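J.: return a 3D structure for these sequence lines:
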Amino acid sequence: MSADADVVVIGAGLSGLVTATELADAGRRVVVLDQEHPDSLGGQAWWSFGGLFLVDSPEQRRVGVHDTAELAWDDWQGSANFAPGAELGEGPDRHGYAWAKGYVEFAAGGMRSWLHGQGVRWFPLVQWAERGGYALGPGGAHGNSVPRFHVTWGTGPAILAPFVARAKAHRDAGRLEIRFRHRVTSLVVTDGRVIGVRAEVLADDAAARAALPYGGRAAPSSRDVVGEVELTAGAVVVGTGGIGANHDLARARWAPAAGALPARMLQGVPDSTDGLMLGHAAAAGAALMHEDRMWHYPEGVADHSPVWTNHGIRILPGPSSLWLDADGKRLPAPLFPGFDALGALQHVTRHGHDHSWFVLNKAILETELALSGSEQNPDLTGKDVRLLTKRVLPGAVGPVARFANESPEFLWAPTTAALAARMNELTAATPGSSGRVDADELTRIVALRDAQVVSGLGKDPQVTATAAARRFWVDRRMRVATPRALTDPKDGPLLAVRLSVLTRKTLGGLWCDATGRALRADGSVLDGLWAVGEAAGFGGGGAHGHRALEGTFLGGCLHTGYVTGRAVAATL
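T.: Predicted coordinates:
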């Protein structure tokens, strides 16, 4: 009996679309299954800021950044802290290591030209994310030595656009079919080989979603089952993402040494990022690797216009705000805004709190605070040059100003004592939340910081790190405020922003070899099953190791889809 398709790809997000179009380009018959509606084509990538980690790019060179593949690889290894033996092809990180090295080579080589040839362009001012700041150790040090975060002109939707167009062209040619509202419930295994999938057909509630924001994109959808199907194929590729919307699973898998994820968290991904497919693959014999490695953010604020459950937005901060824990104590160096997301998150979780604080003023807000996400950056997403010019003019960018005016988590006050009172009121009004900021201590912390800044030099590590950031002219022009006292009257009033844990990425995933073939726990290949994107830990079950360098999530979806799509095609 002939198969229903050469390949079934599970998931119509970025990694699934890249895989499917590479397969269709090679002449293979592809069926893509996705549990959501057509309005959510592209998945989480559509909502992203569109940042890509690229190395030695023309954009970097134009702004005076000198980067090399060797430097990028040193930074990656220092951040990843792979298990011993990985570089020798040994141990649990061996495949993740190989995928990481391949990604850096791709980022320094063919990725930009491949995307550029499909019409993708980038905002010319490269950003500096995840700066690190730790002393060098035996494996190097965490963080990007230079700016590498390339924001796509058009943000996440523009990254998706060429692959959506390619998918539609292959659909019209009869090589590719996307079946929405199909939720895979198990893999079909015969004689130790995956030969297909079983799926539930979910009810079509598109009419009820049409009036929702963004045409219903990413809004929770019905889980009523109206049918069942079984499909056979020469290969099955899992591209369903991670566990960011499954908070119970995230809490259960969070490493005990890092404390505990709090009961109250925000969600940085749509509800469909539920992690269920990872369990189905494991039930078929695939090994899950590094399930306790996650990349959540500590700088989340609740969306004033939520689309999905507990919808949160990540603040992208400059380096000047004071970062305080729930009790008003300053986070230790180098846990400054924008330097080490995971380190700051683990500091919060180890202390048993569900929030921390940025303390800043109006001038710092207007210069340094940005928001992640395509919908929070209408100038970049809409490719609106006129609107974009406002980023270098006085005043906060529109979406930031709206949060500052409408969010109950943005607290304004004329003095540190009044600010502490407002912070404590918000904590007390939040069920299950704890922590108290002492007004006198907050006044002392701000005064000590201000004295260092006013000195013009200073020994405070954050003050010196901020001064170093201003040596990069992009930061000096649009991302780092002129150093002045927080209490300087012309820069006021003071502002505290409550930051909550925002779930986002899974760094572990299905254990895969260098081509994306799923492996069993003993390291043998589970024939017929492959994985891409976040479901594969962005390659090999953990290409990032313990920490990511930002811009490597979309990049990881692109890289794994590109490599694995071609590898699957070559085997059929």
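J.: helices and strands around the longest helix seen in the chain, which ones?
T.: Counting residues, the longest helix found in the chain (DSSP state H) is helix 552-571. Secondary-structure packing of helix 552-571 (3 or more Cβ pairs under 8 Å, 6 or more residues apart in numbering; DSSP states H and E): helix 14-25, strand 51-53, helix 94-108, helix 110-116, helix 155-172, strand 225-238, strand 525-531. (C-beta placed from N, C-alpha, C; glycine too.)
J.: any chance of those in JSON lines, plus distance to residue 134, mean neighbour count and mean pLDDT?
T.: Converted to JSON lines, the helices and strands packed on helix 552-571 look like this (distance: least, Cβ to Cβ, whole Å; neighbours: other Cβ atoms under 10 Å; pLDDT from 0 to 100):
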{"stretch": "helix 14-25", "distance to residue 134": "31", "mean neighbour count": "29", "mean pLDDT": "98"}
{"stretch": "strand 51-53", "distance to residue 134": "19", "mean neighbour count": "26", "mean pLDDT": "98"}
{"stretch": "helix 94-108", "distance to residue 134": "19", "mean neighbour count": "23", "mean pLDDT": "98"}
{"stretch": "helix 110-116", "distance to residue 134": "28", "mean neighbour count": "15", "mean pLDDT": "98"}
{"stretch": "helix 155-172", "distance to residue 134": "31", "mean neighbour count": "20", "mean pLDDT": "98"}
{"stretch": "strand 225-238", "distance to residue 134": "35", "mean neighbour count": "19", "mean pLDDT": "98"}
{"stretch": "strand 525-531", "distance to residue 134": "32", "mean neighbour count": "24", "mean pLDDT": "98"}
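J.: circling back to that earlier point, ok now the longest helix of the chain, how far from the chain's centre?
T.: Chain-centre distance of helix 552-571: 18 Å, with Cα atoms, centre = their mean, to the nearest Å.
J.: in that helix, which residues are buried?
T.: 552-569 (16 or more other Cβ atoms under 10 Å).
J.: can you pull out the strands in the stretch 151-300 of the chain?
T.: Counting by DSSP state E, counting those that start in this stretch, the stretch 151-300 of the chain has strands at residues 176-180, 182-190, 193-202, 225-238, 266-267, 288-289, 294-302.
J.: ok, the stretch 351-500 of the chain next?
T.: 355-361, 370-371, 410-413, 494-506.
J.: direction included, what does the second one pair against?
T.: Meaning strand 370-371. strand 312-316 (antiparallel) (DSSP bridges).
J.: now the partner strand: buried residues?
T.: Quick answer for strand 312-316 (16+ other Cβ under 10 Å): 312-316.
J.: make TSV from those and add pLDDT to it.
T.: Converted to TSV, those look like this (pLDDT from 0 to 100):
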residue	pLDDT
312	98
313	98
314	98
315	97
316	96
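J.: want to throw those into JSON lines with distance to residue 196?
T.: JSON lines is the format used below for the buried residues of strand 312-316 (distance: Cβ to Cβ, whole Å):
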{"residue": "312", "distance to residue 196": "37"}
{"residue": "313", "distance to residue 196": "39"}
{"residue": "314", "distance to residue 196": "38"}
{"residue": "315", "distance to residue 196": "44"}
{"residue": "316", "distance to residue 196": "43"}
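J.: assign a three-state SS to residue 8, would you?
T.: Put simply, residue 8 is strand when judged by DSSP: H, G, I helix; E, B strand; the rest coil.
J.: any idea what the nearest residue to it once chain neighbours are set aside is bridged to?
T.: Once flanking residues are discounted, residue 8 sits nearest to residue 233: 4.3 Å by Cβ to Cβ, 6 or more residues apart in numbering. On the basis of DSSP bridges, residue 233 is bridged to residue 5.
J.: residue 233: what's it in contact with?
T.: Neighbour list for residue 233: 3-8, 31, 195-197 [criterion: Cβ atoms under 8 Å, 6 or more residues apart in numbering].
J.: repeat that with 7 Å
T.: Residue 233 sits next to 3-8, 196 when contact means Cβ atoms under 7 Å, 6 or more residues apart in numbering.
J.: where's it relative to residue 561, distance?
T.: Separation of residue 233 from residue 561 (Cβ to Cβ, to the nearest Å): 17 Å.
J.: likewise for residue 112?
T.: 16 Å.
J.: before we move on, what about residue 55?
T.: Distance of residue 55 to residue 561, given as Cβ to Cβ: 19 Å.
J.: before we move on, the earlier item: in CSV, list the C-alpha atoms belonging to the longest helix of the chain.
T.: Presented in CSV, the C-alpha positions along helix 552-571 are these (Å, rounded to 0.1, in the frame of the first residue of the first chain):
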residue,chain,number,x,y,z
THR,A,552,19.6,32.0,18.2
PHE,A,553,16.0,30.8,18.6
LEU,A,554,14.6,31.9,15.2
GLY,A,555,18.1,31.2,13.9
GLY,A,556,18.0,27.7,15.3
CYS,A,557,14.6,27.0,13.7
LEU,A,558,16.0,28.2,10.3
HIS,A,559,19.2,26.2,10.7
THR,A,560,17.6,22.9,11.8
GLY,A,561,14.9,23.1,9.2
TYR,A,562,17.4,23.8,6.5
VAL,A,563,19.8,21.0,7.4
THR,A,564,17.2,18.4,8.4
GLY,A,565,14.9,19.1,5.5
ARG,A,566,17.7,18.4,3.1
ALA,A,567,18.8,15.3,5.0
VAL,A,568,15.4,13.8,5.1
ALA,A,569,15.0,14.4,1.3
ALA,A,570,18.3,12.7,0.7
THR,A,571,17.2,9.5,2.5
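J.: which residues are contacting that helix?
T.: 7, 14-15, 18-19, 22-23, 26, 28, 45, 48, 50-53, 103, 106-107, 111, 159, 235, 237, 505, 515-516, 530, 532-533, 536, 538-539, 543-544.
J.: what angle do strand 294-302 and it make with each other?
T.: Using axes from the mean of the first three to the mean of the last three Cα atoms, to 10 degrees, one finds that helix 552-571 and strand 294-302 are set 130 degrees apart in direction.
J.: what's the mean pLDDT across helix 552-571?
T.: Across helix 552-571, pLDDT averages out at 98.
J.: could you tell me the angle between it and strand 494-506?
T.: Going by the same axes, to 10 degrees, helix 552-571 makes 10 degrees with strand 494-506.
J.: quick one: low-confidence parts of the protein?
T.: Applying pLDDT under 70 to the chain flags the ranges 1, 136-139.
J.: and which of the buried residues of strand 312-316 is nearest to residue 329?
T.: residue 315 (20.0 Å; Cβ to Cβ).
J.: nearest residue to that closest one other than its sequence neighbours?
T.: The nearest residue in space to residue 315 (Cβ to Cβ, 6+ apart) is residue 299, at 4.5 Å.
J.: hmm, back to that, from the buried residues of strand 312-316, pick the one nearest residue 67.
T.: Distances from residue 67 to the buried residues of strand 312-316, taken by Cβ to Cβ, are shortest for residue 316, at 20.9 Å.
J.: check contacts around that closest one.
T.: Neighbours of residue 316 in contact, by Cβ under 7 Å, 6+ apart: 370-372.
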